[in-house]
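> Pasting the sequence and the predicted model now:
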Amino acid sequence: MSTFVSDPRAGGLPSGSQRGRRSSLRTWRWSDRLVLCAAWAAGLSLCAIAAAILLYMGYRGVQYLRPDLIFSRPQASLNQAGSGGFLDPLLGTALLTVIGIAIAAPLAISSALWIVEYGQGGRAHQLLTRVVESSIEIVAGTPDIVIAVFGLAIFQLHLLAFASFIGEGGGVYGRSFLAAGAMMSLIALPPLFVATRDGLLAVPAHMREAAFALGKTRIATIRRVLLPSVRPNIATGVTLGVSRIIADTAIVIVLLGDELRLTPRQGGFPGLGVLRGTGSSLTSYVYDNSPAGEGLAPQKAYAAAVLLLVFVLLLNLAVERFIRRSQARTGGVAIAGGIA
Amino acid sequence: MIELKQAPHPVAVAVPPRRTIVLDRLPEPVRPPEQREAVRPLATAAGPERLRLEDVTVTYGGASTLGRRGANAVRSVSLSIHQGEVLALIGPSGCGKTTLLRTLNRLTELTPGACRGGRILLDGEDIHELEDTALRARVAMVFQQPNPFPMSIFDNVAFALREQSRRRPRRPELEPLVVDALKRAGLYNEVEDDLHRPALRLSGGQQQRLCIARAIALRPEVLLMDEPCSALDPISTGVIEELIHELRRDHAVVIVTHNLAQAHRVADKVAFMYLGDLVEYGTVQQVFEEPRAPRTRDYVQGAFG
């Protein structure tokens, strides 16, 4: 049992049973004190900014956020009361996210696997590794409006007419969920790749050697040992990718046709019509309804923005819970890096 | 009888078919500490020769440096390893003992630039001719750092047993083999209440015994141990040394250790290496008490290392 005595020299207690004297702020150099104040100021102002965003958006948006808004479809109307809710934009966001991750995840995970497991030996392999990593960095650094315009140029080729539809006059329309989803996958690919690659690099070499020493082939090691241990990293990467997809506006405005409602095209099996059709997402809805767009229902814009924020927060919470659960199951494997 | 057998490999190279793993005799229970002999008996008669090294040279600088003086990690080592005895490789840091150990199951091939000269025969077959996965199922290795996979205890040991045959063995078939491996490693009594606990929750000594159980699950002919106790506390070290004493009956054990006292306790034969050369090889009695080479005498008496 240790007792706390303010003056360690009083009384016959053995030294070390309570806290020793620590240096007080008065004895610090002025430069250290300055840096301490600056660090506190930076941290507190970050908290203040985050709180300000949440509170302001909440105040402006929550008063207009009603449950029926989420489930009713938007209508074009001059009257605010008649302009409906944002079910279609919600569905549009969800659809884009699913398409984007479905394309990006296999590409990112398999590239990261190849680079870490096979791309480290031999000169040709290392060259390919450098090329792949540079390409992904270039894609990561490209502004999303550039990616959007690039997507428009690509999907207006006749080769890719299957992804959207051919309008009157013979030109390929080039704007559809498939086109936007494909470009969204480029947005989501770099964070997913980097998270998976760093997770794989963090697996210690003796873990792989232990698997090889048991007579396992490389593929078996990847499937049974490596991929399960980087599952938390993949989850983090997917969250980052999904956050970026949800937040992206340029690609939606350019490549999704910017119609208020989900407008599927006819023909093909049922799902394909929706994918080839146009619609809107929460971000383009916010833009259209804000004073910068058509500006007829700014309150709805705030409500939709609050919804977006809530989505991202819930997503982060869910991933943190997933990471903690899988750490408990495996007994505490460390994850390199967090949600940045 | 439980069989996990794979059909012979359909390739022109003469690769022997995978062995059947069959429990044809009941595994002997590991005796509790009270019943073990207080004094270690004289070494049992050595069993058949399992591994023979002929003039083995290993270098990390690429094939051109093989044989060049001063560039080789291991130079011209010839040894014979028998079942029923424990061979300890001793020597100061950097003398090549770990490299030699890793060559025995071809783990050095994972390092780019590693080349090997000479021959290593496992039961008469050149290990270079065997498939590396087949070789490593017969020559198992335990590492310095306990490294259980992030799975349950059962899955860790079963990982070694799965994918050994064409058809997937189901849990009821695997369970007796897993339990047997854990018993032979002396861990079963401590974990039998819940085999599906995560393996990373065990203590360090238990994790190392789990790695040993994982390694001996396939009943390898040779067991290689790379300083298995150096990351453990003295009590766990003692438990594992007792375990090695039991394991040598069924496997040929090669242990690398920088702890001379441990080599004295555990080994039957000792090989002293220095800067890549095999300086002396003999029984524990000969090397520690009547060393022939002066360098051996200096090392075992603590003059350097």
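Structure received. Bear in mind that the values here come from a model prediction, so they are computed numbers and not experimental data.
> Which element, helix or strand, includes residue B:225?
Using DSSP states H and E, residue B:225 falls within strand B:222-226.
> ditto for residue B:175
Using DSSP H and E, residue B:175 sits within helix B:171-184.
> What are the buried residues along the host helix or strand of residue B:262?
Take DSSP H and E as the rule and residue B:262 turns out to sit in helix B:260-266. For helix B:260-266, the buried set under the neighbour-count rule, 16 or more other C-beta atoms under 10 Å in any protein chain shown, comprises B:260, B:262, B:263, B:264, B:265, B:266. Where you see a C-beta, it was placed from the backbone N, CA and C, and this is true even at glycine.
> Serialize the residues you listed to a markdown table and add fields for pLDDT.
Output for the buried residues of helix B:260-266, formatted as a markdown table (pLDDT from 0 to 100):
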| residue | pLDDT |
| --- | --- |
| B:260 | 90 |
| B:262 | 91 |
| B:263 | 91 |
| B:264 | 90 |
| B:265 | 90 |
| B:266 | 91 |
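> Which one of those residues is nearest to residue B:145?
Set against residue B:145, the nearest of those by C-beta to C-beta is residue B:262 (17.1 Å).
> circling back to that earlier point, partners of the strand holding residue B:225 in the sheet?
Using DSSP bridges, the strands paired with strand B:222-226 in its sheet are strand B:139-142 (parallel), strand B:252-256 (parallel).
> Turn those strands into JSON lines, columns for distance to residue A:104 and mean pLDDT.
JSON lines is the format used below for the strands paired with strand B:222-226 (distance: least, C-beta to C-beta, whole Å; pLDDT from 0 to 100):
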{"stretch": "strand B:139-142", "distance to residue A:104": "39", "mean pLDDT": "94"}
{"stretch": "strand B:252-256", "distance to residue A:104": "46", "mean pLDDT": "94"}
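> want to try TSV for those, with mean neighbour count as columns?
As requested, the strands paired with strand B:222-226 are arranged in TSV below (neighbours: other C-beta atoms under 10 Å in any protein chain shown):
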stretch	mean neighbour count
strand B:139-142	26
strand B:252-256	26
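> Make JSON lines out of those strands and add distance to residue B:230.
Formatted as JSON lines, those follow (distance: least, C-beta to C-beta, whole Å):
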{"stretch": "strand B:139-142", "distance to residue B:230": "12"}
{"stretch": "strand B:252-256", "distance to residue B:230": "10"}
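> if we can go back for a sec, and the helix holding residue B:175, how far out from the chain middle?
Distance, stretch centre to chain centre, for helix B:171-184: 20 Å (C-alpha atoms, centre = their mean, to the nearest Å).
> Tell me the helices and strands packed up against that helix.
If you count contacts as 3 or more C-beta pairs under 8 Å, 6 or more residues apart in numbering or on different chains; DSSP states H and E, helix B:171-184 packs onto helix B:153-161, helix B:188-191, helix B:204-216.
> Run through who's touching the first one.
Surrounding helix B:153-161, the residues in contact under the criterion C-beta atoms under 8 Å, 6 or more residues apart in numbering or on different chains are A:211, A:214-216, A:224-225, B:4, B:21, B:148-149, B:151, B:169, B:174-175, B:177-178, B:181-182, B:191, B:195-199, B:202, B:210, B:213-215, B:217-218.
> what does the average pLDDT come to for stretch A:153-170?
For stretch A:153-170, mean pLDDT is 78.
> Please name the nearest non-neighbouring residue to the residue of the stretch 51-200 of chain A found nearest chain B.
Nearest residue of the stretch 51-200 of chain A to chain B, counting by C-beta to the nearest C-beta: residue A:121, 4.8 Å away. In space, and not counting its chain neighbours, residue A:121 is closest to residue B:112: 4.8 Å by C-beta to C-beta, 6 or more residues apart in numbering or on different chains.
> Three-state assignment for that neighbour, please.
Secondary structure for residue B:112, judged by DSSP: H, G, I helix; E, B strand; the rest coil, is coil.
> and if you look at residue B:95?
Secondary structure state of residue B:95, per three-state DSSP, is coil.
> What separation do you get for it and chain A?
Relative to chain A, residue B:95 is positioned 21 Å away (criterion: C-beta to the nearest C-beta, to the nearest Å).
> What strand or helix carries the closest residue to that residue other than its chain neighbours?
Spatially, and ignoring its direct neighbours in sequence, residue B:95 is nearest to residue B:273 (4.5 Å; C-beta to C-beta, 6+ apart). Under the criterion of DSSP H and E, residue B:273 resides in strand B:269-274.
> if we can go back for a sec, let's have the helices and strands packed on helix B:171-184 in CSV, adding mean neighbour count, distance to residue A:312 and mean pLDDT.
Putting the helices and strands packed on helix B:171-184 into CSV (neighbours: other C-beta atoms under 10 Å in any protein chain shown; distance: least, C-beta to C-beta, whole Å; pLDDT from 0 to 100) gives the following:
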stretch, mean neighbour count, distance to residue A:312, mean pLDDT
helix B:153-161, 23, 36, 89
helix B:188-191, 16, 43, 89
helix B:204-216, 25, 40, 93
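> Would you format the ones you listed as a markdown table with distance to residue A:125 included?
Below are the helices and strands packed on helix B:171-184 laid out as a markdown table (distance: least, C-beta to C-beta, whole Å):
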| stretch | distance to residue A:125 |
| --- | --- |
| helix B:153-161 | 28 |
| helix B:188-191 | 42 |
| helix B:204-216 | 31 |
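> since we're on the residue of chain B found nearest chain A, how many residues are nearby?
In chain B, the residue that lies nearest chain A is residue B:200 (2.9 Å; C-beta to the nearest C-beta). Using other C-beta atoms under 10 Å in any protein chain shown, residue B:200 is surrounded by 20 other residues.
> What of residue B:243?
Residue B:243 has 21 neighbours, counted by other C-beta under 10 Å.
> Helix, strand, or coil at it?
Here residue B:243 is recorded as helix under three-state DSSP.
> all strands for the stretch 51-200 of chain A, in order.
Assigned by DSSP state E, counting those that start in this stretch, the strands in the stretch 51-200 of chain A number zero.
> So which residues of it form helices?
Secondary structure of the stretch 51-200 of chain A (DSSP state H, counting those that start in this stretch): helices at A:67-71, A:87-117, A:123-141, A:144-155, A:177-202.
> and of those helices, who's closest to residue A:56?
Each of those has some distance to residue A:56 by C-beta to C-beta; the shortest is helix A:67-71, at 19.6 Å.
> if we can go back for a sec, deepest in the core, which of the helices of the stretch 51-200 of chain A is it.
Mean neighbour count (mean count of other C-beta atoms under 10 Å in any protein chain shown) peaks for helix A:177-202 among these, with a mean of 24.
> and that one, what does it pack onto?
Under the contact definition 3+ C-beta pairs under 8 Å, 6+ apart, helix A:177-202 sits against helix A:87-117, helix A:123-141, helix A:144-155, helix A:231-247, helix A:250-255, helix A:270-275.
> how many degrees apart are that helix and helix A:123-141 in direction?
Angle of helix A:177-202 versus helix A:123-141, following axes from the mean of the first three to the mean of the last three C-alpha atoms, to 10 degrees, is 130 degrees.
> C-terminal to helix A:177-202, what's the next element?
Immediately after helix A:177-202, counting by DSSP H and E, sits helix A:205-213.
> Which elements pack onto that following helix?
helix A:218-221, strand B:139-142, helix B:204-216.
> how about that helix as CSV, C-alpha atoms only?
Written as CSV, here are the backbone C-alpha positions of helix A:205-213 (Å, rounded to 0.1, in the frame of the first residue of the first chain):
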residue,chain,number,x,y,z
ALA,A,205,9.3,-11.8,-41.1
HIS,A,206,9.5,-14.7,-38.7
MET,A,207,5.7,-15.1,-39.0
ARG,A,208,6.1,-15.8,-42.7
GLU,A,209,9.2,-18.0,-42.0
ALA,A,210,7.2,-20.0,-39.4
ALA,A,211,4.6,-20.7,-42.0
PHE,A,212,7.2,-21.7,-44.6
ALA,A,213,9.1,-23.8,-42.1
